[in-house]
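In: Build me a structure from this.
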Amino acid sequence: MHSKPDAPPAQDPAPFVLDPRLAATSVPVGSLVLCEVRLQDDARWPWLVLIPRRAGLVEIDDLPAPDRRLLIEEAVAAGEAVRAMGPALGRPVEKLNTGALGNIVAQLHLHVVGRRADDPAWPGPVWGFGSPEPYRPAELERAREAAAAALR
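Out: Sure, this is the predicted structure:
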């Protein structure tokens, strides 16, 4: 009998790396089971971004089915966090918009945005509307803390 040579050691899967464009336009809030949660640095809207910590993902259907289900549950949790950000910023959320566009940043990420009938882009989409207005430091911390507390 011939024995098989030892198999090479299993390679670690590619590490998750946050796209630098997402990092540049958002601040960390926390981590869920699947996703990193980041606050979009645009004070016009309470806005979180979920980024699954898996390398090479572009589309939602790139996730295995259990992770797709988990992404939806985490989007619901992010929606609750966005709603919690509204009062902290003095702008209660009336409607949630959720989207995974990926036209500019291909890395799979899901936006969860709080909307109001009096927001600057209503009733149209927020994507590509005007120029981002960065948070002032105290407002950013209030929004970040409200979101983080809701996600605990």
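In: Tell me which stretches of the protein form helices.
Out: Taking DSSP state H, the helices of the chain run over residues 20-24, 65-88, 137-151.
In: avg pLDDT for the longest one?
Out: Helix 65-88 shows an average pLDDT of 98 in the prediction.
In: How about residues contacting that helix?
Out: 29, 32-35, 37, 46-48, 50, 52, 54, 60-61, 63, 92-93, 96, 98, 110, 112-114, 142-143, 145-151 (C-beta atoms under 8 Å, 6 or more residues apart in numbering). Every C-beta, even on glycine, is put in place using the N, C-alpha and C of the backbone.
In: hang on, the earlier thing: switch the helices of the chain over to JSON lines; also include mean neighbour count and distance to residue 118.
Out: Converted to JSON lines, the helices of the chain look like this (neighbours: other C-beta atoms under 10 Å; distance: least, C-beta to C-beta, whole Å):
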{"stretch": "helix 20-24", "mean neighbour count": "12", "distance to residue 118": "28"}
{"stretch": "helix 65-88", "mean neighbour count": "18", "distance to residue 118": "12"}
{"stretch": "helix 137-151", "mean neighbour count": "17", "distance to residue 118": "18"}
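In: out of those helices, nearest to residue 120?
Out: helix 65-88 (15.4 Å; C-beta to C-beta).
In: So the closest residue to residue 55 other than its chain neighbours versus residue 88, what's the distance?
Out: In space, residue 55 comes closest to residue 14 once its chain neighbours are excluded; the distance is 3.8 Å by C-beta to C-beta, 6 or more residues apart in numbering. Using C-beta to C-beta, to the nearest Å, residue 14 is found at 37 Å from residue 88.
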